[in-house]
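Q: Turn this into a model:
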Amino acid sequence: METVDAVVIGAGPNGLVGAAALADAGWDVLVLEAQDEVGGAVRSGSLWPESPDVTSDLFSAFYPLAAASPVIRRLELEKHGLTWVQAPSVIAHVATPDEDDCAVVHRDPADTAAALDRDHAGDGDSWLKLFEQWQRLRDPLLEALFTPFPPVRSGAKLLWRAGAHDTLDLARIAAAPVIRLTQEWFGGEHGRLLVSGNAMHADVPMEAPGSGLFGWLLVMLAQDVGFPVPQGGAGMLSQAMARRAQAAGARIDTGENVTDVVVRGGRATAVRTATGREVGVRRVVLADVDAPRLFNDLVGPEHLPARLRADLGRFEWDLPTVKVNWLVDGGIPWRAQAARTAGTVHFGTDLSGLSRWSSDLAANRAPDEVFALLGQMTTADPARSPEGTESVWAYTHLPRDRHDDAHAGKVADRLDETLERMAPSFRERVRHRTVQHPGDLEAADGNLHHGAINGGTAQLHQQLVFRPATGLGRPETVIDGLYLASAATHPGGGVHGACGWIAARSALAAEGRLGRPVKAARKGAMKVLYRG
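A: Predicted structure coming up:
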């Protein structure tokens, strides 16, 4: 049986970042990936054999968190083939079919402010004040978000930089619903739409605590680093991560679906794959795997304390997703001209409709309206499709219990109908169309349960010490040597690499000079939490 220092299960962004961190420390690292290529939900490809020169992003597409993440910046992926590119403007929100103007985040904050002032006098100043505050807090805040919980050192830096007023203001942003914050910040619809639309990238209802933080964070990142894309397709980001890990000495084997984590004496000692391969582990297993599958299937409930099994039984997934991909001749003929230069477009409804859509999904009802996120990929990266065409995708969410193909197909058709109203003659321009149902997304990446893209709900009851179950808010598990390194652990979903990085750094600390007291302290905390 072959034996390595560390096995990383899954070659998604978190797994690849974790592998690079362990390999940088001189460990013998093997990454095992179930699919035939690396990337997880960061992959691209050709959907239409008759148009092989069109690149479509198969899952995620725009990466503000990756561009801002201190974890990913440390990897210097530009040295491994990554090039970021951007659309002329960042985000547009097209609310109604008859509007000739729309809300826009421009690349220059002054241009965004001027546009908001045209919608409502004074909103431009409010925008610039928010952005000035963001610039003061940015670096220590991102460091605190993407470090192990609790963020003692980075949290102290943030408090020192923020001072009393900004600290309390940030705490209120984290606790308040986005619908309330936007009413306080802006008098016009455009400013409110920009923040609220970005809040809907997560599955937190607009009226729920925490939605304000998501909206504020993403819209400030949009104004700061933009919504960049990897030149040549989302897969180029994953390929650069894989090359970075390999340059440090990690090996990556694709087509190897890990089915078991072998536990002996309470410790992870090996992994087995569907091909019958068994790999022994001298030190650790890092699992870029969703939490229910890792604990219930790969480890097995017989190795878990009863309290943890009960907590996992109430694990809540985020919302299912249906995604539509098009190749459009001449681009999308938006009635609102400003939307034609944006890489990301939110469309389908105004502020009150957005609130209804969010509330319906939270109540497990099928919404009457469709709100969708759309990517104009050739606008952002001309290499994605031939000149005179646009590689486009859009996705929307479904009620948790309505992820079947029939319902998803109907919602996908309504996406086309809604887009046609916003951009008359759109359907006449469509050359190719492909729908990815929730089941298609899960088949292509096992972590996307029923098309859930966040690794579990982002609502407050499943964040920090409650993610994925009541615990320490850290990647260590009740199995010695097994670390959770997926979006199911803090800090959660998004392509930032922090889940893999934190898992790797925790493993290195446990195996380092102070490993014995570190392990003893963690075991003691686990015993108190799960065994009483």
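Q: Contacts only, for Cys102.
A: Residues near Cys102 by CB atoms under 8 Å, 6 or more residues apart in numbering: Ala92, His93, Val94, Ala95, His190, Ala336, Ala338, Ala339. Every C-beta, even on glycine, is put in place using the N, C-alpha and C of the backbone.
Q: can you do 10 Å?
A: Applying CB atoms under 10 Å, 6 or more residues apart in numbering to Cys102 gives the contacts 92-96, 115, 119, 190, 193, 334-339, 342, 345-347, 422.
Q: ok, now Gly343?
A: Contacts of Gly343 were listed using CB under 10 Å, 6+ apart, and they are 61-62, 85-92, 222, 226-229, 374-381.
Q: what do you get for Asn14?
A: With CB under 10 Å, 6+ apart as the criterion, the residues that contact Asn14 are 8, 40, 71, 241, 286-289, 447, 455, 484-489, 495-504.
Q: among these, which are in strands?
A: Among the contacts of Asn14, DSSP state E puts Val8, Leu286, Ala287, Leu484 in strands.
Q: Among those residues, which one lies nearest to Gly388?
A: Distance to Gly388, by CB to CB, is smallest for Val8 among the ones in strands among the contacts of Asn14, at 42.7 Å.
Q: tell me which residues in stretch 416-429 are buried?
A: Within stretch 416-429, the residues that count as buried by 16 or more other CB atoms under 10 Å are Asp416, Thr418, Leu419, Glu420, Met422, Ala423, Phe426, Arg429.
Q: So the first one sits against Val328, correct?
A: No. Applying CB atoms under 10 Å as the test, Asp416 and Val328 come out as separate, 11.5 Å apart.
Q: picking that back up, would you turn the ones in strands among the contacts of Asn14 into a markdown table with distance to Gly451?
A: Shown next, in a markdown table, are the ones in strands among the contacts of Asn14 (distance: CB to CB, whole Å):
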| residue | distance to Gly451 |
| --- | --- |
| Val8 | 25 |
| Leu286 | 25 |
| Ala287 | 21 |
| Leu484 | 21 |
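Q: So which of these is surrounded by the most neighbours?
A: Each of those was scored by neighbours using other CB atoms under 10 Å; the highest score is Val8's, at 37 neighbours.
Q: Hmm, Gly500 and it touching each other?
A: Yes. Look at Val8 against Gly500 with CB under 10 Å: they come within range, at 8.1 Å.
Q: shared neighbours of the two, which are they?
A: Here Val8 and Gly500 have Asn14, Gly15, Leu16, Val17, Gly18, Ala19, Ala20, Leu22, Leu286, Asp288, Tyr483, Ala485 as joint contacts, going by CB under 10 Å, 6+ apart.
Q: give the contact list for Asn198.
A: Applying CB under 10 Å, 6+ apart, we find Asn198 in contact with 64, 91, 93, 105, 178, 214-222, 227, 344, 346, 373.
Q: ranges for the helices of the stretch 101-250 of the chain?
A: In the stretch 101-250 of the chain, the segments counted as helices under DSSP state H, counting those that start in this stretch are 109-119, 123-145, 152-175, 178-185, 189-199, 211-224, 235-247.
Q: burial measure for the closest residue to His190 other than its chain neighbours, as a count.
A: Of all residues not flanking His190 in the chain, Ala103 sits nearest, at 3.6 Å (CB to CB, 6 or more residues apart in numbering). For Ala103, the neighbour count with other CB under 10 Å is 27.
Q: Would you agree Ala103 is in contact with Val94?
A: Yes. Counting by CB under 10 Å, Val94 is a contact partner of Ala103 at 8.4 Å.
Q: quick one: Asp314 from Glu184, how far?
A: Residue 314: Arg, not Asp. Noted for Arg314: a distance of 34 Å to Glu184, by CB to CB, to the nearest Å.
Q: Tell me which of the helices of the stretch 101-250 of the chain sits most buried.
A: Most buried of the helices of the stretch 101-250 of the chain by mean neighbour count (mean count of other CB atoms under 10 Å) is helix 189-199; its value is a mean of 26.
Q: pLDDT (mean, whole number) over that helix?
A: Mean per-residue pLDDT for helix 189-199: 97.
Q: Give me the angle between it and helix 211-224.
A: 100 degrees (axes from the mean of the first three to the mean of the last three CA atoms, to 10 degrees).
Q: so Gly26 makes contact with Gly249?
A: Yes. The pair Gly26 and Gly249 passes the contact test of CB under 10 Å, sitting 7.8 Å apart.
Q: Much appreciated, bye for now.
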